[in-house]
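Undergrad: build the 3D model from these lines:
(one chain, ligands or ions: 1)
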Amino acid sequence: MSHSSHITAYISAGANLGDRAAALRGALRALGEMPGVRVAAVSAIYETEPVGGVTQPLFLNLAARLEIAVSVALTPEALLGEMQRIERVFGRGREGEIRWGPRTLDLDLLLFGDERRATDFLTLPHPRMWERAFVLAPLREVAVGALREKLEDYQPRPPARIWRESRARASSRAKKGPR
Ligand code: AMP
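TA: Numbering: from 1, shown residues only. Modelled structure (predicted):
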């Protein structure tokens, strides 16, 4: 909505080295500490097979919906820059890294409002998001509006397996009581 006071952005996070869940939690906390940024929804955590043919451990992946106050005038580039800083905090150096290889934390900016670009630094929407079950399965849980409709009938192939449910989902299930 054009008169909305916030921009909706979506990120995906993955980790397959070290304490994977701690890295994902730390990334969400760091994003939520940015001025004007609210982590509005977090998916369950999925455990997924690595893509790209490099033999490596399984990944944990999640997606989150961010609400960014228009008043802070955060650009998508500034958000990605901060995401890269957070990756470095969690031990991922960019030098010498194997493409498609193991990583302690990988953050991707999937969508930032309706922004579109294709520069060396940033492509929006994320160019590979529609091919990746490990992105789309969690994204489906946190999507709102037109994106939600687009993902409604999506069945991830190969199936992405839930590793741990988000606390929000788990508690809303608990409220419904035993089945
Ligand atoms: P990767 O190692 O696969 O996460 O790729 C990181 C590289 O992709 C960095 O050089 C980023 O500047 C670039 N990049 C381009 N578009 C995006 C995006 N939407 N989200 C994250 N990284 C991006």
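Undergrad: what is the helix or strand where residue 146 lies packed up against?
TA: According to DSSP states H and E, residue 146 maps onto helix 145-151. Packing partners of helix 145-151 (3 or more C-beta pairs under 8 Å, 6 or more residues apart in numbering; DSSP states H and E): helix 133-142. C-beta: built from backbone N, CA, C; applies to glycine.
Undergrad: for the helix it packs on, the distance to its chain's centre please.
TA: Centroid separation for helix 133-142 versus its chain: 8 Å, with C-alpha atoms, centre = their mean, to the nearest Å.
Undergrad: ditto for stretch 121-141
TA: The chain centre lies 8 Å from the centre of stretch 121-141; the measure is C-alpha atoms, centre = their mean.
Undergrad: give the buried residues for that stretch.
TA: 122, 124-126, 129, 132-141 (16 or more other C-beta atoms under 10 Å).
Undergrad: that one close to the ligand?
TA: Yes - judged by C-beta under 6 Å from any ligand atom, stretch 121-141 and the ligand are in contact via 121, 122, 123, 124, 126.
Undergrad: what pLDDT, on average, does that stretch get?
TA: Averaging pLDDT along stretch 121-141 yields 95.
Undergrad: good, wrapping up.
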